[in-house]
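Visitor: Fold the following, please.
(one chain, ligands or ions: 1)
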Amino acid sequence: MAVQRTFSIIKPDAVAKNQIGAIQSRFEQAGLNIVAAKMLQLSEQVAAGFYAEHKERGFFKDLVAFMTSGPVLVQVLEGENAIARNRELMGATNPKEAAAGTIRADFAQSIDENAVHGSDSESSAAREIAYFFSATELCPRLR
Ligand SMILES: Nc1ncnc2c1ncn2[C@@H]1O[C@H](COP(=O)(O)OP(=O)(O)OP(=O)(O)O)[C@@H](O)[C@H]1O
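Guide: Numbers count the residues shown, from 1 in each chain. Now for the predicted structure:
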């Protein structure tokens, strides 16, 4: 499997609990290098645009309210098989169903406040990276 890039968000619940460093350590220990990162306060428009695929879902309003409730850390992670590796590290969407040792099992409280986001496919990763990072903010391969 080739080196890939994926998009990650450390969500407001984990930022508020000072879990950024602990979560980033999980990425680094798994061979995912952080190649871009910035702390943002999302506007309603930006959060709704990011989660547009869920617009018709009952939880959409609560999701946007949560994602705008405090700062988030948006990141680009790079490594072998980065998209699947990050999804494995994150664990299931609902922390109650997340495997032991995953980020959501260890840091998340509920399906609404679940600590992290990670792209689920190459096309999502490309779209999500471009949504938050301009070409000039992205360095070429680090290693
Ligand atoms: N049934 C639900 N009830 C409440 N919130 C939900 C539900 N399903 C999803 N969500 C919220 O919407 C987010 C996006 O849902 P999605 O199905 O894309 O999950 P995911 O890919 O595991 O999570 P993310 O996109 O944040 O990485 C979830 O992370 C969760 O916070």
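Visitor: So the one helix or strand residue 78 maps to, near the ligand or not?
Guide: Using DSSP states H and E, residue 78 falls within strand 72-80. No: Strand 72-80 stays clear of the ligand (CB under 6 Å from any ligand atom), getting no nearer than 10.9 Å. (Glycine included, C-beta is placed from N, CA and C.)
Visitor: what sits up against the helix or strand that comes right after that strand?
Guide: In the C-terminal direction, the helix or strand that comes right after strand 72-80 (DSSP H and E) is helix 82-90. With contact meaning CB atoms under 8 Å, 6 or more residues apart in numbering, helix 82-90 is reached by 3-6, 8, 26-27, 30-32, 77, 79, 98, 102-104, 115-116, 118-122, 125.
Visitor: Next secondary structure after helix 82-90?
Guide: Counting by DSSP H and E, the next helix or strand C-terminal to helix 82-90 is helix 103-107.
Visitor: by contact count, what packs against that next one?
Guide: Counting contacts by 3 or more CB pairs under 8 Å, 6 or more residues apart in numbering; DSSP states H and E, helix 103-107 packs against helix 20-29, helix 82-90, strand 116-118.
Visitor: Now with 7 Å, please.
Guide: helix 20-29, helix 82-90 (3 or more CB pairs under 7 Å, 6 or more residues apart in numbering; DSSP states H and E).
Visitor: Residue numbers of the protein in contact with the ligand?
Guide: 54, 59, 63, 93, 111-112, 114, 117-118, 120.
Visitor: which of the residues you listed are buried?
Guide: Listed as buried from the residues of the chain next to the ligand are 63, 114, 117-118; burial here means 16 or more other CB atoms under 10 Å.
Visitor: give the contact list for the closest residue to residue 3 other than its chain neighbours.
Guide: Among residues not flanking residue 3 along the chain, residue 80 sits closest, at 5.9 Å (CB to CB, 6 or more residues apart in numbering). By CB atoms under 7 Å, 6 or more residues apart in numbering, residue 80 lies in contact with 1, 3, 31.
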